[in-house]
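Engineer: Structure of the sequence below:
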Amino acid sequence: MKLVTELVAKGFVDGARGKGGGLRLARASSEIGLGDVVRQLEPSLALVECFGTQSHCLLDPACRLKGALDGALQAFLAALDRVSLADLVGSDARLHEALGLQAAARAIAPITIVRPPAGRERR
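Structural biologist: This is a model prediction of the structure:
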């Protein structure tokens, strides 16, 4: 539930409690970028300790790896920025099949309501 609470707090999801409640996207799925979700839910994307504010690494002043790793992190986030939630959850028959959604829908039998003949109602 912590993740859901964070998604609501960050404005990605709206939640309603009680009967008829539930969760829904706060914006259109095409407006929710994966990069934004990752940045909001993982504010400290420190790949190594020296990315933090209190680095204790003795090599920090002369380190060249830090710049390379930062560039890799920025490239990773830029790639995620090009992907929206809509890109991930579009109507893809293969995804539905992998999740068993069609099979689950077929497995649900329709409900038939049988009413007693007039004059024979239950009391």
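
Engineer: For this structure, which segments count as strands?
Structural biologist: Residue ranges of the strands in the chain, as given by DSSP state E, are 13-16, 22-25.

Engineer: Which among those strands is found nearest to D92?
Structural biologist: Closest approach to D92 among the strands of the chain (Cβ to Cβ): strand 22-25, 17.8 Å. Just so you know, the C-beta spots here come from the backbone N, C-alpha and C atoms, and that holds for glycine as well.

Engineer: Please work out which residues outside the closest one touch it.
Structural biologist: Applying Cβ atoms under 8 Å, 6 or more residues apart in numbering, the external contacts of strand 22-25 come out as 4, 8, 12-16, 32, 85.

Engineer: re the thing from before, hey, which of the strands of the chain is tucked in deepest?
Structural biologist: Comparing the strands of the chain on average neighbours per residue, with mean count of other Cβ atoms under 10 Å, the densest one is strand 13-16 at a mean of 14.

Engineer: about what we covered before: dump the strands of the chain into CSV; add mean pLDDT and distance to A72 as well.
Structural biologist: CSV is the format used below for the strands of the chain (pLDDT from 0 to 100; distance: least, Cβ to Cβ, whole Å):
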stretch, mean pLDDT, distance to A72
strand 13-16, 87, 30
strand 22-25, 86, 30
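
Engineer: Tell me the buried residues in the helix ranked longest in the chain?
Structural biologist: Ranked by residue count, the top helix of the chain under DSSP state H comes out as helix 65-81. Using 16 or more other Cβ atoms under 10 Å as the test for burial, helix 65-81 gives 66, 69, 77.

Engineer: Enumerate every residue touching the first one.
Structural biologist: What it means is K66. Going by Cβ under 8 Å, 6+ apart, K66 touches 48, 50-51, 60.
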